[in-house]
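>>> The following comprises the amino acid sequence and a computationally predicted model.
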Amino acid sequence: MLQTYHYKEYPHRPSSDQQESGITRHPVIVVGGGPVGLTAAIDLRLKGIPAVVLTQNKTVSIGSRAVCYSKRALEVWDRLGCAEEMIAKGVVWKTGRLFNGEQEVFNFDLLPEEGHKCPAFINLQQYHLEDILIARAETLGVDIRWQETVTDIEQNGDFIRLAIDTPSGAYALDADWLIAADGSKSVLRDCLGLEFTGKVFKDRFLITDVVMKNDFPPERWFWFDPPFNPGRSTLLHKQADDLWRIDFQLGWDADPEEEMKPERVIPRLKAMLGDMVEFELEWVSVYTYQCLRLDHFRHGRVLFAGDSAHQVSPFGARGANSGVQDTDNLIWKLKMVIGGEAPETLLDTYDRERVEAADINLMNSTRSTDFIVPKGAISRAFRDAVLDLARDYSFARPLINSGRLSLPATYTDPTLLTSDEDAFDGGPVPGAPCPDAPLNEGWLLENLGGRFVLLCFGETPDTSDLACDRLTVGEEAELAVRRYDGKSGTVYLVRPDQHVAGRWRNFDRDAIQTALNKASGKGKAP
């Protein structure tokens with residue numbers, strides 16, 4: 001197979017902790033050096049918390065793996081200083097096309113309205129994404145320790161002890177808090193004796209990364225029952241550097257080892273692309289649909305995030321994107337707890353809110369599976385009828401599910417949220433993520449995130465006695481006013497993760513202070 005990407009090997013270097021006679025204690029240790037663990041570490045450093053990352057790997061991920069990164073994940077990375085390079089390197093897209101056989105059924109636009117800093121999606125190989133995150137982490141002083149494997153953990157009241165194996169010998173570390181971002185085969189999950197619950201679906205899919213020159217547009221193309229893979233489905237995405245991701249549904253009876261052999265893969269690709277198209281294989285893998293999660297993401301001082309906490313099928317781009325949103329929810333809460341600004345119970349809301357988000361992703365992923373892989377004759381007849389109707393009738397199109405694409409969760413747990421008492425005709429409700437919009441200079445989301453912010457439409461009284469920043473938006477920012485139903489006097493309290501904590505039609509100091517205390521995990525003001 002062709003290798004177009006040069007994998008840099010990161011050597012193991014014994015840390016000063018390993019050479020100490022005693023056991024060093026750190027505020028936070030992150031286990032896992034993939035997109036989720038690196039994102040968490042960068043956010044910690046930007047909030048002034050030293051970050052140690054332990055990864056058993058010696059390179060970035062092998063193969064493109066996670067491919068599609070959503071607008072919400074890009075907005076998080078933009079706040080962390082990474083998104084610009086990702087967008088420049090990746091393939092920007094927003095259009096999807098769906099085919100039944102050779103005929104296009106319909107197409108869709110994921111971001112039909114202008115006025116957003118980040119695109120709907122980019123496609124970018126995971127190894128490129130990790131390169132960008134590693135460079136950013138190293139610039140900020142994150143301590144990434146390569147080729148270090150956690151073999152055991154022990155919770156000891158107010159700290160955790162980790163046993164670590166390295167090429168230069170074993171040692172131990174203590175941590176006040178541990179972020180488990182060590183992926184689907186999480187060692188930390190095993191150390192704590194935790195198990196996933198959910199479903200593993202009986203079907204197999206072949207992933208192929210193909211290097212080729214082609215005039216296909218940068219769009220998501222999905223086929224039901226194409227002539228080159230009859231009775232099954234196929235997905236096509238363009239990535240950076242003329243690399244194309246193609247997924248073939250194989251069926252449950254397919255032999256994974258046989259299907260990954262070039263003599264099996266190449267004929268499949270030629271049947272799809274034609275004999276005249278020149279291509280080379282870069283990476284091949286076989287996977288099954290899985291919709292699984294831990295019952296809880298917080299276990300004492302261990303906080304699970306990303307694939308170590310939940311797993312979904314790759315259709316819909318819900319894996320890495322939801323993991324990034326895990327860290328976005330977690331790190332500001334952890335920072336407040338470490339700084340004594342909030343009780344430890346604030347971290348229980350990480351568990352509740354992100355379990356809620358995981359359940360939404362699992363539900364959508366399961367529904368995708370049921371549509372792509374019908375369970376019986378009745379389900380297949382329904383699907384085929386929907387596909388036939390959708391060509392001519394728009395009412396049938398929402399029923400098609402080829403992988404509903406990732407959207408950020410709107411939280412509903414009332415613990416941190418203040419419900420509306422005033423009437424709104426639109427705008428993000430409490431718990432919803434804030435939409436972006438252009439301002440006179442820059443973008444709205446550039447001024448939100450990382451801290452509590454009072455978003456004020458029009459002038460309001462002095463807010464210097466409130467423990468939050470302030471952003472005033474004038475009526476000239478028409479799109480922002482419209483997206484927030486921001487009539488003059490309207491006020492939004494925005495959390496550090498850019499989700500709405502509460503909103504009011506008029507400034508009410510006592511109500512805002514109460515909502516701020518509640519959103520900080522401290523309950524109502526006395």
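Looks like it arrived, so ask away.
>>> Give the burial count for the nearest residue to residue 308 once chain neighbours are set aside, as a bare number.
Nearest residue to residue 308, sequence neighbours excluded (Cβ to Cβ, 6 or more residues apart in numbering): residue 186, at 3.8 Å. Bear in mind the C-beta positions are built from the backbone N, C-alpha and C, glycine included. Residues contacting residue 186 under the criterion other Cβ atoms under 10 Å number 23.
>>> buried stuff in stretch 252-269?
For stretch 252-269, burial by neighbour count (16 or more other Cβ atoms under 10 Å) applies to 254, 259-260, 264-265, 268-269.
>>> and residue 321, how far is that from residue 407?
Noted for residue 321: a distance of 9 Å to residue 407, by Cβ to Cβ, to the nearest Å.
>>> list residues touching both of the two?
70, 72 (Cβ atoms under 8 Å, 6 or more residues apart in numbering).
>>> how about the helices in the protein?
Assigned by DSSP state H, the helices in the chain fall at 16-19, 35-46, 71-79, 83-89, 126-140, 187-191, 256-259, 262-273, 319-338, 346-372, 377-390, 478-483, 509-519.
>>> can you give me the strands for the stretch 401-526 of the chain?
For the stretch 401-526 of the chain, strands defined by DSSP state E, counting those that start in this stretch occupy the ranges 453-457, 469-473, 491-494, 500-504.
>>> which residue is nearest the middle of the chain?
For the chain, the residue sitting closest to the mean C-alpha position, by Cα atoms, centre = their mean, is residue 321 at 1.6 Å.
>>> Report whether the expected contact of it with residue 72 is present.
Yes. The criterion here is Cβ atoms under 8 Å, and residue 321 meets it with residue 72 at 6.8 Å.
>>> pLDDT below threshold where in the stretch 201-350 of the chain?
Residue ranges of the stretch 201-350 of the chain with pLDDT under 70: 314-318.
>>> Could you list the domains of this protein?
The chain is divided into the following domains under automatic domain parsing: 16-90+123-194+291-350, 198-290, 410-526.
>>> Out of those domains, indicate the one that is most buried.
With neighbours defined as mean count of other Cβ atoms under 10 Å, those peak in mean count at domain 16-90+123-194+291-350, which reaches a mean of 21.
>>> chain center to that one, what's the gap?
Offset of domain 16-90+123-194+291-350 from its chain centre (Cα atoms, centre = their mean, to the nearest Å): 13 Å.
>>> ok, now stretch 501-520?
Centre-to-centre, stretch 501-520 and its host chain are 29 Å apart (Cα atoms, centre = their mean).
>>> same check, this time on stretch 235-250
Offset of stretch 235-250 from its chain centre (Cα atoms, centre = their mean): 20 Å.
>>> Without its sequence neighbours, what residue ends up closest to residue 118?
Residue 118's closest residue in space is residue 74 (Cβ to Cβ, 6+ apart), at 4.1 Å.
>>> returning to what we had before: quick one, phi psi at the residue nearest to residue 308?
With angles defined as degrees, to the nearest 10, residue 186 sits at phi -50, psi 120.
>>> what's the distance between it and residue 37?
Going from residue 186 to residue 37 by Cβ to Cβ gives 11 Å.
>>> Same check on residue 62?
Residue 62 is 17 Å from residue 37, by Cβ to Cβ.
>>> cool, and residue 360?
Residue 360 sits 23 Å away from residue 37, going by Cβ to Cβ.
>>> same thing with residue 269?
Residue 269 sits at a distance of 34 Å from residue 37 (criterion: Cβ to Cβ).
>>> Same check on residue 252?
From residue 252 over to residue 37 the distance is 33 Å, taken as Cβ to Cβ.
>>> on that earlier part again, right, and the helices of the chain - which one's nearest residue 302?
helix 187-191 (6.5 Å; Cβ to Cβ).
>>> where are the low-confidence patches of this protein?
Looking at the chain by pLDDT under 70, you get 1-3, 314-318, 403-406, 524-526.
>>> thinking again about what came up before, turn the helices of the chain into JSON lines, including distance to residue 220.
What follows is these, written out as JSON lines (distance: least, Cβ to Cβ, whole Å):
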{"stretch": "helix 16-19", "distance to residue 220": "45"}
{"stretch": "helix 35-46", "distance to residue 220": "20"}
{"stretch": "helix 71-79", "distance to residue 220": "14"}
{"stretch": "helix 83-89", "distance to residue 220": "17"}
{"stretch": "helix 126-140", "distance to residue 220": "17"}
{"stretch": "helix 187-191", "distance to residue 220": "32"}
{"stretch": "helix 256-259", "distance to residue 220": "23"}
{"stretch": "helix 262-273", "distance to residue 220": "16"}
{"stretch": "helix 319-338", "distance to residue 220": "14"}
{"stretch": "helix 346-372", "distance to residue 220": "13"}
{"stretch": "helix 377-390", "distance to residue 220": "16"}
{"stretch": "helix 478-483", "distance to residue 220": "26"}
{"stretch": "helix 509-519", "distance to residue 220": "37"}
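>>> Let me know which of the ones you listed is the nearest to residue 112.
Closest to residue 112 of these is helix 71-79 (Cβ to Cβ; 12.9 Å).
>>> In TSV, list the strands of the stretch 401-526 of the chain along with distance to residue 385.
Listed next are the strands of the stretch 401-526 of the chain as TSV, based on distance: least, Cβ to Cβ, whole Å:
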stretch	distance to residue 385
strand 453-457	47
strand 469-473	48
strand 491-494	44
strand 500-504	40
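>>> Show me what stretch 89-105 is in contact with.
69, 106-111, 119-124, 128, 132, 217-227, 238-240, 387-388, 390-391, 397, 400, 402, 405.
>>> gap between the two ends of it?
The separation between the terminal residues of stretch 89-105, taken as Cα to Cα, to the nearest Å, is 31 Å.
>>> do the same with stretch 369-376
Terminal residues of stretch 369-376 are spaced 13 Å apart (Cα to Cα).
>>> Any buried residues in that stretch, and which?
Neighbour counts using 16+ other Cβ under 10 Å place 369, 371-373 of stretch 369-376 among the buried residues.
>>> And for that stretch, what's in contact with it?
The contact list for stretch 369-376 (Cβ under 8 Å, 6+ apart) reads 201, 203, 224, 233, 249, 289, 291, 313, 315, 379-380, 382-383, 400-403.
>>> what's the answer for stretch 64-73, then?
Here stretch 64-73 makes contact (Cβ under 8 Å, 6+ apart) with 35, 86, 90, 111, 116, 118-127, 129, 209, 220, 237, 239, 243, 245, 282-283, 317, 319-321, 324-325, 405-408, 433.
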